[in-house]
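Novice: Sequence and predicted model, in that order:
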Amino acid sequence: MKTAHILLVEDNEGDIILTLDAFEESKVKTKISVVRNGQEALDYLFRKGKFEESKKPDLILLDINIPIFSGHEVLGKIKQDDVLKKIPVIMLTTSSNQKDIDKAYENHCNSYVKKPLDMDEFLDAILKIENFWLQLSTLAD
């Protein structure tokens with residue numbers, strides 16, 4: 001099995017650490033690239049500036065409440081691009097606001113996961129994402 005490449009778009013250092021720790025426990029070999037705001041996410045995905053050599057991720061974990069461009073704005077740009085729109089985007093966020101949920105699905109997110117506040121539940125949520133998206137599902141090339 002090839003190494004799964006994940007792009008984590010997250011500005012909360014604690015959540016970054018928890019997510020990286022959860023994937024270290026993973027059965028699937030992963031490489032995780034981390035960007036901390038919407039501009040970096042778009043630059044990474046469109047290979048601009050310091051991200052010219054970036055590789056296309058197999059999966060994107062995208063927070064809604066990030067600086068510069070929101071997760072909704074980043075998601076909209078991803079799903080308008082013929083190449084990037086094939087990458088599954090999981091909105092991984094603290095927001096349980098129904099407007100955020102509706103907007104994410106209107107912009108064609110593949111899944112919306114509310115971040116659990118409990119550390120064990122957070123780790124469990126990440127492992128469930130891994131099980132479904134990286135083990136059970138077949139991803140586009």
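Specialist: Perfect, thanks for sending it. Numbering: from 1, shown residues only.

Novice: now the end-to-end length of stretch 65-75.
Specialist: Counting by C-alpha to C-alpha, to the nearest Å, you get 12 Å between the two ends of stretch 65-75.

Novice: now swap in stretch 60-78 and tell me
Specialist: 10 Å.

Novice: Now do that stretch: everything it contacts.
Specialist: Contact with stretch 60-78 is made by 6-12, 15, 19, 36-42, 45, 84-85, 87-95, 100, 103-104, 107-109, 129, as judged by C-beta atoms under 8 Å, 6 or more residues apart in numbering. All C-beta atoms are positioned from the backbone trio N, CA, C, and that covers glycine.

Novice: What residues of that stretch count as buried?
Specialist: 60-64, 66, 69-75, 77-78 (16 or more other C-beta atoms under 10 Å).

Novice: Do you have the helices of the chain handy? List them.
Specialist: Taking DSSP state H as the criterion, the chain carries its helices at 13-24, 38-45, 71-80, 98-106, 119-129.

Novice: what would those look like in TSV with distance to residue 141 and mean pLDDT?
Specialist: TSV is the format used below for the helices of the chain (distance: least, C-beta to C-beta, whole Å; pLDDT from 0 to 100):
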stretch	distance to residue 141	mean pLDDT
helix 13-24	22	90
helix 38-45	16	98
helix 71-80	17	97
helix 98-106	25	96
helix 119-129	20	88
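
Novice: Identify, out of these, the most deeply packed stretch.
Specialist: Most buried of the helices of the chain by mean neighbour count (mean count of other C-beta atoms under 10 Å) is helix 38-45; its value is a mean of 22.

Novice: Output the contacting helices and strands for that one.
Specialist: Here helix 38-45 touches strand 4-9, strand 30-35, helix 71-80, going by 3 or more C-beta pairs under 8 Å, 6 or more residues apart in numbering; DSSP states H and E.
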